[in-house]
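# Have a look at this prediction, sequence included:
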Amino acid sequence: MATSEERMKILKMIEERKISPEEGARLLAALAKAERKRAVATPGEGRWLRVRVTDVDSGKTAVNVNLPVSLVNVGLRMGARFVPEMEGVSMSELEESIRQGVTGKIIDIVDEEEGQRVEVYVE
């Protein structure tokens, strides 16, 4: 990513007449272009959907799954088969929230009958 420091170095080189203003403008344009390419090429990169199931009494982790957000639709559809009914949770709304860039804990459900807690995070 083009930082202020990189831009300032180019401006300083122009000021010290080490490069012409035209060369400086080309360098600044190249930095901006590289920054735009990185921003476009990496939507959602580094984002993860994390699912953790723990025992309510002991706190021991029973399931810990990390899935890249790019595979979230597949993961949600697979997971929906194993999760009976989740009151107040719509899979389509969940998918849309993730697609829009929501981060943090998005689901926190305690199954009293099974004695388990299911937590879903997007990081």
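Yep, it's here. All values derive from a computational prediction rather than experimental measurement.
# What backbone torsions are found at the nearest residue in space to T103 that is not next to it in sequence?
Of all residues beyond its chain neighbours, the one nearest T103 is V122 (5.1 Å), with distances taken as C-beta to C-beta, 6 or more residues apart in numbering. C-beta here means a position set from N, CA and C on the backbone, and glycine is covered the same way. Main-chain torsions, V122, degrees, to the nearest 10: phi -120, psi 120.
# Can you pull the domain assignment for the protein?
According to the domain assignment given by automatic domain parsing, the chain is divided into the following structural domains: 4-41, 48-122.
# next SSE after the lowest-mean-pLDDT helix or strand in the chain?
None of the helices or strands of the chain scores lower by mean pLDDT, DSSP states H and E than helix 72-82, at a mean of 62. Beyond helix 72-82 on the C-terminal side, the first helix or strand identified by DSSP states H and E is helix 91-99.
# Now do the contacts for T61.
T61 makes contacts with R52, V53, T54, as judged by C-beta atoms under 8 Å, 6 or more residues apart in numbering.
# Leaving out chain neighbours, which residue sits closest to the residue nearest the centre of the chain?
Taking C-alpha atoms, centre = their mean as the criterion, R47 is the residue nearest the geometric centre of the chain, at 2.6 Å. Excluding the flanking residues, the one nearest R47 by C-beta to C-beta, 6+ apart is V69, at 4.0 Å.
# thinking again about what came up before, just the contacts of T61 now: which is nearest V102?
Within the contacts of T61, distances to V102 taken as C-beta to C-beta reach their minimum at R52, with 17.5 Å.
# how much space between that closest one and Q116?
Per C-beta to C-beta, to the nearest Å, R52 is found 10 Å from Q116.
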